[in-house]
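**Q** quick one: sequence and predicted model below, then my questions.
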Amino acid sequence: MNNLRQQADAEKARADREAALRQRAEQDNNELQRQLTDCEKSKKNVEPATHYVQFAHNSSYMSREETDRLRSFAKSVKGQKLSILAEASTPGTAEYNQAISERRLKRVVKLLLKEGFAPEDLHPQTAIGAQNGKKTAEGRRVTITVKQ
């Protein structure tokens, strides 16, 4: 009888340990689920990666520094889809500004293609001339945004 009592006590102790472990695992799982939900919510608030290629006044050619920066950016986002917007600053006629922004766009796209991007990963490609109304160097750029 004493032996049966010891076996029953041992079995109860084992069952209690397993129940405690199961409860701990459920708590850990709930915490991980909460963290996952928080991450998924915060992911929506993350700004997409953006790179600016600056150009000199009246130029559609990238400086060596801008070319190196663009190559570095391209390597860091290779395989992702990009949106490209080319601009011009406001001095000059609308026709000239549109043409120079188109040339800037073509040069940036050409380099991205050389760096291994597929043409279908570079859309939309838009040249807007001086439509944003920026008078300074801020208007003389191509903006590349990683699409989410």
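**A** Yep, it's here. Everything numeric here is computed off the predicted structure, so don't read it as measured data. Residues are numbered from 1 along each chain as shown.
**Q** quick one: mean pLDDT for the longest helix along the chain?
**A** With secondary structure taken from DSSP state H, the chain has its longest helix at helix 2-43. The pLDDT scores in helix 2-43 average 84.
**Q** so what touches the helix or strand just after that helix?
**A** Using DSSP states H and E, the helix or strand that follows helix 2-43 in sequence is strand 50-54. Residues outside strand 50-54 that contact it (CB atoms under 8 Å, 6 or more residues apart in numbering): 62-63, 66, 69-70, 73, 104, 108, 137, 140-146. Quick note: C-beta positions are derived from backbone N, CA and C, even for glycine.
**Q** top of those by neighbour count?
**A** Counting neighbours by other CB atoms under 10 Å, residue 108 comes out on top of the contacts of strand 50-54 with 28 neighbours.
**Q** quick one, what contacts that residue?
**A** 53, 62, 70, 84, 86, 142, 144.
**Q** check residue 83 too.
**A** By CB under 8 Å, 6+ apart, the neighbours of residue 83 are 123, 124, 144, 145, 147.
**Q** quick one, phi psi at it?
**A** Residue 83 adopts backbone torsions of phi -110, psi 140, taken as degrees, to the nearest 10.
**Q** for it, give its distance to residue 147.
**A** Distance, residue 83 to residue 147, using CB to CB, to the nearest Å: 6 Å.
**Q** which single one of the contacts of residue 83 is nearest to residue 78?
**A** residue 144 (12.6 Å; CB to CB).
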